[in-house]
Structures are given as C-alpha cells and as structure tokens.
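# below is the structure, and that's it, no one-letter string:
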Ligand code: AMP
Ligand code: MG
C-alpha cells in the first residue's frame, strides 16, 4: 500500500492549474491572481497632508504663539496655487497636496484662527516632514505590488482598485461535482426508516469544496446500482473534479471503482496506508478536459480526512494557489495520548494558541471512530501520528495539519 506522501505526489502529478481568465474587479474576491500585478502610479500621487491644519515652513517656527498669514485653503482634490514663504501658511485639509515651500503641517487643533487671513500657531515642535506622507511612500509606479498565486481578499480588491486594475487576470475556479453513493442513504429532509441513514457526506463535501473556493454541485444520492451510478458518473465527469463518497471498499456493493473504470477513468491508485481513509481511490480521465476523480470512503470522518489530505491540495493547485489553504504546524500535546495500530493516523484534535509565548497546544478529541462526525465538530486540526503502539506524554511535540 502506498504512503500518504506517495499518494499526494500522485495526485499533484496529475493536477495542473486551470486556464486564466480576465474578470471585472467586482468579481474577483476569493480568486487566485494569475499574473503579477504592477502599479501604474505612485501612491500617494503627491506629497499629501495627513491631517487638517496649516502647511508651513518649520524654519519659521522659532517662537510659540506666532502669527502667520493664511495664503489660501486647499482641500483634497485641489491643487495649491500659492508657494509658502516666510511667516505664511496654507490652510490644508487631509489628503490635499502640500504646497511648494512647505515642509510640515500643523494640526488645526494646535492653532487659533485670527479671522480668515491669519492664524496663531501654538505649537512649535514640528520637524521637517511632520504630518506629511511623501509621494510614492506606499508604492511606486512599476512596483510589483501583488504576485501571481496570491488569494484576492477584500484588502487586495482595495489595492487593485488603487492601482487602476478594473480587470484582473485570475485563475478559473475548479468546478467540482459531488456524488454520495449508498442504498442506505436518504436526503437530510427525510426521516430515515429502518436501516437508513441521512446523507452527511454529500452536503459536507460540497461545503468543503466551496470552502476551498471551488464551484461545487451536489449530484445527490446514487443507489448502489451500476447503471444508476454510471449515469451519474457521466454527469460528474463534466466537472474538473468528481468526488464520490462510499462504495470503494471491499463490500459486495462497493461498485464505484468498477463503474469509474467502465466510464474510462484510469485508476492511479486504490488504498493508502492511512487511518482513517485507507480505501481511497484516485483516478483521472481526459474527455472534455481533464477530470480528477476521488472515490472517498463512505465513513464521514474518513471522507473528511481524505478531503483535507488529498482533495484540498488538488483544488489549491487547480486554482493556481501557491500556498496551501491547510497548514502544517507543530503542537505540544495538551494531555497524554495512546496510539495503537499499524497505520499512520490523522487524529482529530482541537488546538489553541497558548498565552505568554508558549507553544500552541493540541488536545486529541474523544473520538469514537470514523462514523463519529459529531465529535469532529470540535476539531480544528489533525494530529499526524506515526504507526505503532505507543503513548505520548502531555507536553510532547506532535505534528499537525491545521484545517
Ligand atoms: P462504504 O464506504 O460505502 O462502505 O460506507 C462506509 C460507511 O459509511 C457505512 O457505514 C455507510 O453507511 C457510511 N456512509 C456511506 N456514505 C455515507 C454518507 N453519504 N453519509 C453518511 N454516512 C455514509
Ligand atoms: Mg456503501
């Protein structure tokens, strides 16, 4: 059986960033930048006042309570017409361009107007540059301000707008189809009859895909029947990624691998040395563009772990993200933990930042196996526990995957 690392390598070796598209700035939130972005301007575009006050020459500030002549008033968006000369000032508002000759701005609160044409300045401790933001301090024309691979958050939207990018080159969003398989499944708005359970995985995997900024469609529930599954698989293969849940183990109704292969999907691997999630199936097909196909085990926790370990990194790469949306991190164990078993385990845990610069701690959850989704709602990381029978003491270091 292949290891988690080998399986992930296989997945990524078959995964390529989707094409690039140009979108209106209003539609790029959450997308991945497909090209470096340079600025067409200096920002700020002029030396600008950071306060409402008076622009002056610091060399004129020898004495407190000095009286100055007000030459004009400049508000944001206006261009000064006067040059500041000895014992004169320009009344200036936040954001306005600093007039020639001035080298600092005194705040309005530190002055007293003497009619419209004179002002008394109480404070004299300004230095050259006080309350002025120099042209180009934030960025210069030609600077690369954002790099390809960055995720566009609201802050990036603001910056893109500042530098005039009303159209932005972004990566296409992966289209993901999700199909839950199993005769025992009923939709969540049904009350299960004897032997039935509600379909947790379909909605969960759809939500997981959306949390990775994919556009996801839930194909509903497929009965354990070759023809029904074949029809739904054909529909799912129109997407960039098809995720199935259930039907990939060794049971008599585990029909998914056979149905996928009959549909032309080439198996890359089946089964990974991991717990939970051993039955994972992965394959690829190139029909109308390439589709990655993940057959996840039906147990909800197994499906969740497989999504985080294999599907999310694939979605990140398809979307052109350079940094993974799930992060590796080391923790100190919050309590003793005993591991038993011959497979490396991805164990649900709750981690939290410690106070006083101490390392973050993680507490393994009281988890009752792969079907226990409820306990998993407290989970915000998976502890990576090597195979073997051993007990880790409280305070020992463990690797984790923050999710
Ligand atoms: P399977 O992988 O199809 O053998 O399913 C393994 C276990 O997961 C069985 O107990 C199934 O009832 C359960 N299961 C399968 N699919 C789902 C689903 N969509 N939601 C919740 N549980 C499921
Ligand atoms: Mg099944």
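Good, I have the coordinates. All values derive from a computational prediction rather than experimental measurement. Ligands and ions are numbered 1, 2, ... in the order given.
# how about the residues of the protein by ligand 1?
Where proximity means C-beta under 6 Å from any ligand atom, the interface of the chain facing ligand 1 comprises 180, 182, 184-185, 197, 199-202, 245-247, 249, 251, 254, 297-300. (Each C-beta comes from the backbone N, C-alpha and C, glycine too.)
# only the buried subset of those, as a ChimeraX command please.
Those of those that count as buried under 16 or more other C-beta atoms under 10 Å are selected in ChimeraX with:
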select :180,182,184,185,199,200,201,202,245,246,247,249,254,297,298,299,300
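# am I right that residue 79 is in a strand?
No - the assignment for residue 79, made by DSSP: H, G, I helix; E, B strand; the rest coil, is coil rather than a strand.
# now the strands for the stretch 1-150 of the chain?
Counting by DSSP state E, counting those that start in this stretch, the stretch 1-150 of the chain has strands at residues 20-24, 37-38, 48-49, 53-56, 66-74, 88-92, 104-107, 111-114, 118-121, 132-133, 144-146.
# touching the fourth one from outside, list them.
This means strand 53-56. With C-beta atoms under 8 Å, 6 or more residues apart in numbering as the test, strand 53-56 has contacts from 49, 68, 70, 74, 80, 84, 88-92, 98-99, 102-108, 110-111, 119, 121, 126, 131.
# roughly how far is that strand from the heart of the chain?
Computed by C-alpha atoms, centre = their mean, to the nearest Å, the chain-centroid distance of strand 53-56 equals 43 Å.
# for the first one, same thing?
Averaging C-alpha positions (C-alpha atoms, centre = their mean) puts strand 20-24 19 Å from its chain's average.
# quick check: buried residues in stretch 36-56?
For stretch 36-56, burial by neighbour count (16+ other C-beta under 10 Å) applies to 37, 39, 42-44, 46-49, 51-56.
# er, stretch 222-242 I mean
Result for stretch 222-242 [16+ other C-beta under 10 Å]: buried residues 222, 224, 229, 230, 232, 233, 236, 237, 239, 240, 241, 242.
# is that stretch up against ligand 2 anywhere?
No - applying C-beta under 5 Å from the ion, one finds stretch 222-242 separated from ligand 2 by no less than 6.1 Å.
# pull up the distance across that stretch, start to finish.
13 Å (C-alpha to C-alpha, to the nearest Å).
# among the strands of the stretch 1-150 of the chain, which is nearest ligand 2?
Closest to ligand 2 of those, according to C-beta to the ion: strand 20-24, at 38.0 Å.
# any idea how far whichever residue of the chain sits closest to ligand 1 is from residue 284?
Nearest residue of the chain to ligand 1, counting by C-beta to the nearest ligand atom: residue 298, 2.4 Å away. From residue 298 across to residue 284, the span is 22 Å (C-beta to C-beta, to the nearest Å).
# enumerate every residue touching the residue of the stretch 201-350 of the chain found nearest ligand 2.
For the stretch 201-350 of the chain and ligand 2, the shortest gap (C-beta to the ion) falls at residue 246, measuring 3.8 Å. Counting by C-beta under 8 Å, 6+ apart, residue 246 touches 180, 181, 182, 185, 201, 254, 256, 296, 297, 298.
# now for the spatially closest residue to residue 72 that is not a sequence neighbour, how many residues are close by?
Counting by C-beta to C-beta, 6 or more residues apart in numbering, residue 82 is the residue found nearest to residue 72 once chain neighbours are left out, at 5.1 Å. By the criterion of other C-beta atoms under 10 Å, residue 82 has 17 neighbours.
# do you know the pLDDT at residue 82?
Residue-level confidence at residue 82 comes out at 97, pLDDT.
# re the thing from before, mind checking which of the buried residues of stretch 222-242 are in helices?
The members of the buried residues of stretch 222-242 that map onto helices under DSSP state H are 229, 230, 232, 233, 236.
# TSV please, covering those residues and showing pLDDT.
Listed next are these as TSV, based on pLDDT from 0 to 100:
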residue	pLDDT
229	98
230	98
232	98
233	98
236	97
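# which single one of these is nearest to residue 61?
residue 236 (73.7 Å; C-beta to C-beta).
# I figured the closest one hits residue 180, correct?
No - Residue 236 lies out of contact with residue 180 (C-beta atoms under 8 Å); the separation is 11.4 Å.
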